[in-house]
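Enquirer: sequence-free structure coming up:
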């Protein structure tokens, strides 16, 4: 087993289905403060009500997008941020990356409906402490927040499985694997999608799309979109 596979396997072992450490995550009497980030008011209200009805949690505030989350986090300094990913008010992944760059104290627990490689891996790479899907049971969510507050990695079983699969994905000939986001950009390029359309579909800027293209060109050893697609099919990166 490679180092990457061992890391992924360890993360899988920490999946939220293992609920044996719920009471160990927080010292008796401690209250975990939260910031809830989601673009849907109904979801925010539901999460606020859920956590405020349970002992040991306090919701400090809410945000409807990544940009607002950064502002609120700086002011409120929560222990844990519950972060959605795809939001009109700024990407959750971009917000996680910026929080990591700033050295924010808060731990980020992604809570979303998306479990594709193009969502999970960038979020984890950006610095998310954990990743759960919105269909997680209430008690699993509480357990995950407690674990995240301690800095322990918490992944839903489906996400843990995807992480293990991702580190076993085929490498490029140069030995450097394309990131999940680069693979998604490449797949869209293969479908004839323009940079503007890619940016809109992935909720990122056109400048970010161009950056991903530059990186994947370098990894594939090509200079243009057509060559990138052809090389990717030849090497089995695009099936």
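Expert: Arrived safely, thanks for sending. Not measured: the values here are computed from a predicted model.
Enquirer: what about the residue nearest to residue 202 when sequence neighbours are not counted, how many neighbours?
Expert: What sits nearest to residue 202 in space, not counting adjacent residues and going by Cβ to Cβ, 6 or more residues apart in numbering, is residue 184, at 6.8 Å. C-betas here are computed from N, CA, C, even on glycine. Around residue 184 there are 21 other residues, counting by other Cβ atoms under 10 Å.
Enquirer: can you check the pLDDT for residue 184?
Expert: In the prediction, the pLDDT value recorded for residue 184 is 90.
Enquirer: going forward, begin numbering at 495 instead of 1
Expert: Sure thing, new numbering starts at 495, so read that last one as residue 678.
Enquirer: could you verify that it is part of a helix?
Expert: Yes - assigned with DSSP: H, G, I helix; E, B strand; the rest coil, residue 678 falls within a helix.
Enquirer: and it, how close does it get to residue 687?
Expert: Distance of residue 678 to residue 687, given as Cβ to Cβ, to the nearest Å: 11 Å.
Enquirer: do residue 640 as well
Expert: Separation of residue 640 from residue 687 (Cβ to Cβ) stands at 41 Å.
Enquirer: I'd like the average pLDDT over stretch 544-556.
Expert: Per-residue pLDDT values over stretch 544-556 give a mean of 96.
Enquirer: buried residues in that stretch?
Expert: In terms of neighbour count (16 or more other Cβ atoms under 10 Å), stretch 544-556 has its buried residues at 545, 550-551, 553-556.
Enquirer: and residue 640 and residue 687? Which one has more around it.
Expert: Applying other Cβ under 10 Å to residue 640 and residue 687 shows that residue 640 carries more neighbours, namely 23 against 17.
Enquirer: return the distance of the helix or strand that the more buried one is a member of from the chain's centre.
Expert: Using DSSP states H and E, residue 640 sits within helix 632-643. Taking Cα atoms, centre = their mean, to the nearest Å, one finds helix 632-643 lying 16 Å from the centre of the chain it belongs to.
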